[in-house]
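Sequence unavailable; structure follows:
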């Protein structure tokens, strides 16, 4: 069984657009979801995507927010998975001058789950970009996360990456900040692990 969902929202000035997508899948289901938001000046956009899948499910999710001047864009993606699920989420924010962009990605997985996550923020002059990535995993979970911020002149970029893992978890994380003249960049990487955890960060 294969399930796919695609939604595009186009908004004009002073329009409020909100969308909620939930996918619930059973064993052997392949799920792909795509959410795209394109809005003009003065538009407030919020999107929420939630994927909950059981054993043997392959899940791929992509969320893209493309916004113009004066747009406030927020996106939240949450994945809840059980045994033997492969999860690969991608969240990308592309914003122009005067755009406030915030993104939150949460992954909560059980034993035997392989999790990979990628978060990219690409912003132009005068953009304030903040991103938060949290991974919470149980025994036997392999976790790898990558966070990249690419910003131009006058951009304030801050990123926070937290990995919290239990016994038997192998955790690796990579954080990269690439910024041009006049950019204020700060990054925080925290690894909190229990007994038997192998943690490496770069």
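Noted; the coordinates are in hand. Only a predicted model underlies this, so the values are computations on that prediction, with no experimental measurement involved. Numbering: from 1, shown residues only.

The closest residue to residue 195 other than its chain neighbours and residue 194: what is the separation?
With sequence-adjacent residues excluded and distances taken as Cβ to Cβ, 6 or more residues apart in numbering, residue 195 is closest to residue 167, at 5.1 Å. From N, CA and C alone the C-beta is placed, and that goes for glycine too. From residue 167 across to residue 194, the span is 5 Å (Cβ to Cβ, to the nearest Å).

again, but for residue 32
Taking Cβ to Cβ, one finds residue 32 at 34 Å from residue 194.

These two - which one has more neighbours?
Just comparing residue 32 and residue 194: by other Cβ atoms under 10 Å the higher neighbour count belongs to residue 32, 16 against 12.

Beyond the helix or strand hosting residue 87, next helix or strand please.
If you go by DSSP states H and E, residue 87 is part of strand 86-95. Following strand 86-95 in sequence order, the next helix or strand is strand 100-109 (DSSP H and E).

distance between that next one and the chain's centre?
4 Å (Cα atoms, centre = their mean, to the nearest Å).

repeat for stretch 14-24
The answer for stretch 14-24 is 16 Å, by Cα atoms, centre = their mean.

And the contacts of it?
Stretch 14-24 is contacted by residues 3, 5, 7, 9, 11, 31, 33, 35, 37, 39-40, 42-53 when judged by Cβ atoms under 8 Å, 6 or more residues apart in numbering.

One more: stretch 36-45?
Contacts for stretch 36-45 (Cβ under 8 Å, 6+ apart): 6-19, 47, 63-74.

ok, now stretch 89-103?
Contacts of stretch 89-103 (Cβ under 8 Å, 6+ apart): 60-77, 79, 105, 107, 117-132.

wait, what's in contact with residue 124?
95, 96, 97, 152, 155.

Which one of the residues you listed is nearest to residue 162?
The closest of the contacts of residue 124 to residue 162 turns out to be residue 155 (Cβ to Cβ; 22.9 Å).

And residue 47, how far from residue 104?
From residue 47 to residue 104 the distance is 11 Å (Cβ to Cβ).

more crowded one of those two?
residue 47 (22 against 17).

measure the more buried one to residue 101 for me?
In terms of Cβ to Cβ, residue 47 sits 12 Å off from residue 101.

Following the chain onward from the helix or strand that contains residue 24, which element is next?
Using DSSP H and E, residue 24 maps to strand 16-25. Downstream of strand 16-25, the next assigned helix or strand under DSSP H and E is strand 30-39.

Parallel or antiparallel, which strands does that next one pair with?
strand 2-11 (parallel), strand 58-67 (parallel) (DSSP bridges).
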